[in-house]
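Student: no sequence for this one, just the structure:
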């Protein structure tokens, strides 16, 4: 083998590698470029899309996108979240509240030019009612429907089996019948083959690449008026730090945390020019749920919750050893409000606070006294013993993906350790299974509360228990209390808002006393956007509200571009050039370095 | 990750496994090749079984998980179980799974409701781009620096080279990636943020601009992978060449008065190159680990990220499919290296 | 060493000890000439000292969240040279404390890995035949497995704890050792004195424990040192991916905490940089030691000279 052969072999190899690189770079499909000068709003999201079919999608990102693609019958007012017209311009119910008639607007068009009619709405609901595959995401909305019909293009009639208070809150995307009736298997169709996707919302879906981005363009014909941005892109960042860094650089205009930015991120962004941190009162409560002994509606008990927790004094003692101030101050670092009742203070009409004598305030000495009183005394090692003579250790179920769970869990270990109670923190990626099986003692729990609290209240009623241990019920943590249920039934039947709010408060009081659901905090929604990209954006509620994950499409529809043309993506080409030049320079430098070295060593040797 | 310590003797230990017996005749080679292919087939079957049973041990009822804890009746749950074949006895599920896997059907992902094969083929080009680029670069870099180091072993250059390689080898790749993001993406002090923080493309580019855009996104992840991986190649190449340099024929060649440089390029390096390249393939398993971490840190839309996402559900068909794919890729690559090795070995048949 | 030796032959036993001591001294004299090895050893000694004396220097309370002395995420100051973590704990103290878990996991995982590897290697080398073939096929199979994938899977299947991490690392990283030890075993068993021992009626156990094992021990030592290095890295990796026990304080856990707290994008480098450096330094120190040991045992490898 001669030297020349060796050289040419090496060169061929290099050429092949280069070719491979070029080819593989070209492998990924290209997509249409945005026309120059378009105003693009890029949103960094931490979730990937589960499905683009409104019949299947369940993740917040996907359902938010469906809000933008398809009009629902009704929407929520950005101010106080009362139902406002959307696809339906008006609605009325029969005296027996069993027949609801919606007037469908005649000025809404599908993006392929066809008019939107009541037929589309009727077909959508009928499909969900009759095809199990289509009921995956929104089946719960139609469970009580007897019949849906469209007597005329502007009239939709829904007949119910029994009265239902949520008929103006049917969050079901209405899809074009003429497109969707061609779909075969709804359980497999993901609506991601044909772009643009025919819709009638403020934005039209134009492109989607899994785990990369979702692109939407403004619907200029939207009946409420066209959005001000020309394009809306949801870009996926696995890592929240990367998303925040992208915001800092201007690669994206908005960062929605998952579920919110960390205190450190918020603090560091606050000092930044051109960035606004939106630290709004949240709609979530963050609680410590206790397993009251899992059971089914048929009376069958299952799970293995700790028996000592059935004693109310023990539950109260545990919560009295939880210092909510520390949780707010250290874990949330001020980006949350101290927990009181079940419903966050943001919903002021329903917000309830325990009275002075009722409050389970932080008092470790009282907690110890309660435990002593309940008969769980400390042994020689300072551990409290259960009735079986064994030291009490609780398994606390935590979400491995939620840093707050893990942090508070560590506090619990120490707080309850002082009381003589052991804690095993069970952090899982997926808590569903032990949760449904009732194989835990305590768990971190949290729900987003809707403007109408019916749903979050309903999950603690006996009716929500699973029918048998084999079913999955709507129940949150198997609470079943007669008095609570009575109050629940009363508020459902109460049509006077003030009266109803009063009953809801009584329910919260009852829930508080039971001690199965101890709210520690109401975390704020902490998000941030670039003021040099977005001039203004509607929060919900309009005064001090959140932007991402609203109950309507207000934020993205209302967002106004800033005057500067520094809208996101602008840094792209300049950055590319700089980056590529820098990379090339690095390569050249390396090459020169080796060449020089090589000559030097060669000379040494000669 | 845990594959191999950067040890010279570890390299030597793995070598016989790859080289096997030298095939001196055509029939010998055929027999050798058949043995290797057969072995690979057995390994693949073992992977098939491991993938199935290992992930069945993950706690959690896939159907309840799939429905996300929504209220659902026992009948509906049963219907889902039937749809995904989870109601069948385990052995039957296993045979079904094997039969389908052999025909290229890896089932349907629970969370995406799309065929696993589709999800894999969606992410595969992205991972190939990242891994391929890094693989080529770190192999070349490792071989060039390694042979140089060995030729002048003991010198300052060698010490610096080996030292740097060992240091980079000891750095956690995800940590290096995070630091690179801070320094070169976000920018520190006078250093402007030159590179994107993550992802593979900005979206909306076309043609050459698109290629540039992807290349721009590619730089940091590739640098991270190359930095933590080239050390292994360097050490392997270095020790292979040192080994070679002790051989009599090299002494003879030098004694003949051949120029040093020529001896190196013509005799020593080619002989040292083959074991090195072969061992680079053996270490592909380690690269898979690196890819999972780097894809996670840089939000790269590839197989590594998909695997991690699938594992947390757990999306059994997807996890199984990816596990199978990773393992099969490494096994196939290794077998190829085994088959090609005797054909290329300059000491055999030339 | 073994019980049979007690029987009486004090002479041969003393001789053997003398021989061992001599070779140990010789080993140390050669090791001393490896500068990198000495540096690594010094680094190890330092970290071992830090870890062992941690209860005295930083106190056992350093990881307490309720007794955290500072505000969350403070930047470095005279009081907290490396700042504070998200609970307001002293990061320097946590770094020192974390060395205990990181080193412990590294040591245990390496020990487990090498123990499996040695057992497989020695028995496969000694017994040969079908047993060895099957064993080596399994070894080869593990050798090409993507180990991280396997380790993540194992860590997911088992409950989150340190034991799980040790197991996941140990069970996936042994094949290299097995191959090395088997090769050495084959070499040892081909020596004439083994024949003699067998002829004199030495059973399998006798040959393996009295003749083979002492001869592969140096190699096992080198391999252990190198394996600790990769185990420390592996522990950090698993902690970073969140499959480790989140309440246990290790360097990898600190990195994961830092990331979850958003330290990367907030510019809190003092939270992120020190644990990474500590991992790298320890991994490097073990690698340097291992390479030095290796090159003393087999100078032809030309490592580090």
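Tutor: It's in. What you are looking at is a predicted structure, and each value in this text was computed from that prediction instead of being measured. Residues are numbered from 1 along each chain as shown, chains lettered A, B, ... in the order given.
Student: Could you double-check that residue A:209 sits in contact with residue B:199?
Tutor: No: assessed by Cβ atoms under 8 Å, residue A:209 is found out of contact with residue B:199, at 10.0 Å. For every residue, glycine as well, the C-beta is placed using N, CA and C.
Student: Check whether residue A:215 sits in a helix, strand or coil.
Tutor: strand (DSSP: H, G, I helix; E, B strand; the rest coil).
Student: residues near the spatially closest residue to it that is not a sequence neighbour, how many?
Tutor: Excluding its sequence neighbours, the residue lying closest to residue A:215 (Cβ to Cβ, 6 or more residues apart in numbering or on different chains) is residue A:207, at 4.0 Å. Burial of residue A:207 is recorded as 19 neighbouring residues (other Cβ atoms under 10 Å in any protein chain shown).
Student: What of residue B:269?
Tutor: 24.
Student: Just name the shakiest helix or strand of chain C by mean pLDDT.
Tutor: Taking mean pLDDT, DSSP states H and E as the measure, chain C has helix C:147-157 as its least confident helix or strand, at a mean of 79.
Student: Briefly note if the following helix or strand past that one comes near chain A.
Tutor: Where DSSP states H and E defines the elements, the next helix or strand beyond helix C:147-157 is helix C:162-172. No: using Cβ under 8 Å from any Cβ of the partner chain, we find that helix C:162-172 stays clear of chain A, coming within 12.5 Å at best.
Student: buried residues in helix C:162-172?
Tutor: Across helix C:162-172, burial judged by 16 or more other Cβ atoms under 10 Å in any protein chain shown covers C:162, C:164, C:165, C:166, C:167, C:168, C:169, C:170, C:171, C:172.
Student: Now do it against helix C:147-157, angle only.
Tutor: Orientation of helix C:162-172 against helix C:147-157 (axes from the mean of the first three to the mean of the last three Cα atoms, to 10 degrees) gives an angle of 150 degrees.
Student: how about helix C:162-172, does it reach chain B?
Tutor: Yes: Helix C:162-172 lies within reach of chain B by Cβ under 8 Å from any Cβ, at C:169, C:172.
Student: which other helices and strands contact that helix?
Tutor: Here helix C:162-172 touches helix C:91-127, helix C:147-157, helix C:213-240, going by 3 or more Cβ pairs under 8 Å, 6 or more residues apart in numbering or on different chains; DSSP states H and E.
Student: can you give me the helices in the stretch 151-300 of chain B?
Tutor: Listed in chain order, the helices of the stretch 151-300 of chain B (DSSP state H, counting those that start in this stretch) span B:156-170, B:173-180, B:207-245, B:248-255, B:260-263, B:269-282, B:284-297.
Student: Count the residues that sit near residue A:369.
Tutor: Neighbour number of residue A:369 under other Cβ under 10 Å is 14.
Student: correction: residue A:348
Tutor: Neighbours around residue A:348, by other Cβ under 10 Å: 9.
Student: Please report phi then psi for residue A:101.
Tutor: phi -120, psi 120 (degrees, to the nearest 10).
Student: wait, I meant residue A:336
Tutor: According to degrees, to the nearest 10, residue A:336 has phi -170, psi 170.
Student: so where's chain B shaky on pLDDT?
Tutor: Where chain B drops to pLDDT under 70, the residues are B:1-25, B:58-60, B:65-71, B:203-204, B:312-313, B:344-350.
Student: did I read that right, residue A:528 in a helix?
Tutor: No: looking at residue A:528 with three-state DSSP, it is strand, so not inside a helix.
Student: check contacts around it.
Tutor: A:244, A:247, A:254, A:255, A:261, A:266, A:269, A:275, A:276, A:277, A:278 (Cβ atoms under 8 Å, 6 or more residues apart in numbering or on different chains).
Student: got the residue ranges for the helices in the stretch 501-606 of chain A?
Tutor: A:554-558, A:571-605.
Student: And the contacts of the first one?
Tutor: Think helix A:554-558. Counting by Cβ under 8 Å, 6+ apart, A:41, A:43, A:68, A:78, A:202-203, A:222, A:224, A:227-229, A:232, A:536-540, A:547-548 sit against helix A:554-558.
Student: cool, and stretch A:304-317?
Tutor: Residues contacting stretch A:304-317 (Cβ under 8 Å, 6+ apart): A:290-294, A:360, A:366-368, A:370-371, A:373-374, A:376, A:386-387, A:392, A:394-395, A:419, A:438-442, A:514-516, A:518.
Student: Leaving out chain neighbours, which residue sits closest to the closest residue to chain B within the stretch 1-150 of chain C?
Tutor: Residue of the stretch 1-150 of chain C nearest chain B, by Cβ to the nearest Cβ: residue C:148 (3.3 Å). In this structure, residue C:148 finds its nearest non-sequential neighbour in residue B:289, 3.3 Å apart by Cβ to Cβ, 6+ apart.
Student: Surely that neighbour and residue C:152 touch.
Tutor: No: with contacts counted by Cβ under 8 Å, residue B:289 stays clear of residue C:152, the gap being 9.2 Å.
Student: one step back: can you tell me which of the contacts of residue A:528 lies closest to residue C:216?
Tutor: Distance to residue C:216 across these (Cβ to Cβ) is lowest for residue A:244, with 52.3 Å.
Student: quick one: that closest one is in a strand?
Tutor: No: looking at residue A:244 with three-state DSSP, it is helix, so not inside a strand.
Student: Residue A:528 versus that one, what's the distance?
Tutor: 8 Å (Cβ to Cβ, to the nearest Å).
Student: before we move on, the earlier item: nearest to residue A:136, out of the helices and strands packed on helix C:162-172?
Tutor: Across the helices and strands packed on helix C:162-172, closest to residue A:136 is helix C:147-157 (Cβ to Cβ), at 26.5 Å.
Student: Any chance you could list what contacts that closest one?
Tutor: A:429, B:1-3, B:54-55, B:57-59, B:285-286, B:288-289, B:292-293, B:307-308, B:311, B:314, B:319, B:323, B:326-327, C:164-165, C:167-169, C:171-173, C:234, C:237-238, C:241, C:243-244.
Student: angle of that helix against helix C:213-240?
Tutor: Using the same axes, to 10 degrees: helix C:147-157 against helix C:213-240 is 70 degrees.
Student: what's the neighbour count on residue A:286?
Tutor: 24.
Student: ok, what's across the strand from it?
Tutor: residue A:446, residue A:521 (DSSP bridges).
Student: pretty sure it is touching residue A:444, no?
Tutor: Yes: between residue A:286 and residue A:444 there is a contact under Cβ under 8 Å: 7.4 Å.
Student: Give me the common contacts of these two.
Tutor: With Cβ under 8 Å, 6+ apart as the test, residue A:286 and residue A:444 both reach residue A:404.
Student: Quick check: pLDDT value at residue C:206.
Tutor: For residue C:206, the pLDDT comes out at 85.
Student: Just give the number of residues close to residue A:548.
Tutor: Counted with other Cβ under 10 Å, residue A:548 comes out at 23.
Student: Pull up the gap between it and residue A:540, please.
Tutor: 10 Å.
Student: got the contact list for stretch C:41-49?
Tutor: Stretch C:41-49 has contacts (Cβ under 8 Å, 6+ apart) with C:99, C:103, C:281, C:282, C:284, C:285, C:286, C:288, C:289, C:292.
Student: cutoff 10 Å now
Tutor: C:31-32, C:34, C:57, C:96, C:99, C:102-103, C:225, C:228, C:278, C:281-282, C:284-286, C:288-289, C:292-293 (Cβ atoms under 10 Å, 6 or more residues apart in numbering or on different chains).
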